[in-house]
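Engineer: coords please:
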Amino acid sequence: MHYDKCMVASLKLYHLLCADILRIENLWQFTNLRKLQLDNNIIEEVCGLENLTQLEWLDLSFNNIEVISGLDKLNKLKDLSLANNHIQTIENLDSLCDCLQVLSLANNLIDGLKNVSSKSHYGEDDSTTPFVFRIQMLEYFPGSHNSH
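Structural biologist: Down below sits the predicted model:
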């Protein structure tokens, strides 16, 4: 698919839901993208997002993701949905500590809060507040498992 260069550069919202996408690819040109909706696909790995540095909202719910990764360059990301995947461990979110406000992990295979950073934006001396508890809204239900 060929896109007009001006259209690609100015695009801020992109919906690719229910498109049977297995891999995230060919998005490197969408450098001004703010919202990306990739829910209800068959994505197994989060990759190919490193050029989307303006991204603020990302929906990867209802996919086949097992490991949280590939998000370390998204330093403006405020809202991340990884609900209804196959994630077992909360990890690789340290780079999002200063920006992430909403994290949805509902209906995954997570058994507990392991490997969660103790970084805090409440103050330099407050190293006991885990990252996850600083998120304004966390949809996390221990022991809940998805069925797809």
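Engineer: how about low-confidence regions in the protein?
Structural biologist: Residues of the chain that meet the criterion pLDDT under 70 lie in 1-10, 13, 112-148.
Engineer: Let me see the ranges of the strands in this protein.
Structural biologist: Ranges of strands in the chain, per DSSP state E, are 13-15, 35-37, 57-59, 79-81, 102-104, 137-139.
Engineer: hey, where'd the helices end up in this protein?
Structural biologist: Ranges of helices in the chain, per DSSP state H, are 5-10.
Engineer: List the residues that contact the residue nearest to residue 55 when sequence neighbours are not counted.
Structural biologist: Spatial nearest neighbour of residue 55, excluding adjacent residues (Cβ to Cβ, 6 or more residues apart in numbering): residue 74 at 5.3 Å. Bear in mind the C-beta positions are built from the backbone N, C-alpha and C, glycine included. Residue 74 makes contact with 49, 52, 53, 55, 58, 95, 96 under the criterion Cβ atoms under 8 Å, 6 or more residues apart in numbering.
Engineer: most surrounded residue in those?
Structural biologist: Using other Cβ atoms under 10 Å as the neighbour criterion, residue 55 leads the contacts of residue 74 with 27 neighbours.
Engineer: my read: that one touches residue 76, true?
Structural biologist: Yes. Assessed by Cβ atoms under 8 Å, residue 55 is found in contact with residue 76 at 6.4 Å.
Engineer: Out of the strands of the chain, which gets nearest to residue 29?
Structural biologist: Residue 29 lies closest to strand 13-15 among the strands of the chain, at 11.0 Å (Cβ to Cβ).
Engineer: one step back: out of the contacts of residue 74, the closest to residue 12 would be?
Structural biologist: Nearest to residue 12 among these: residue 55, at 9.9 Å, using Cβ to Cβ.
Engineer: and the closest one, how far is that from residue 27?
Structural biologist: 10 Å (Cβ to Cβ, to the nearest Å).
Engineer: ditto for residue 71
Structural biologist: In terms of Cβ to Cβ, residue 71 sits 14 Å off from residue 27.
Engineer: any shared contact partners between the two?
Structural biologist: residue 49.
Engineer: between residue 55 and residue 27, what contacts are shared?
Structural biologist: The contact sets of residue 55 and residue 27 overlap at 33, 36, 49 (Cβ under 8 Å, 6+ apart).
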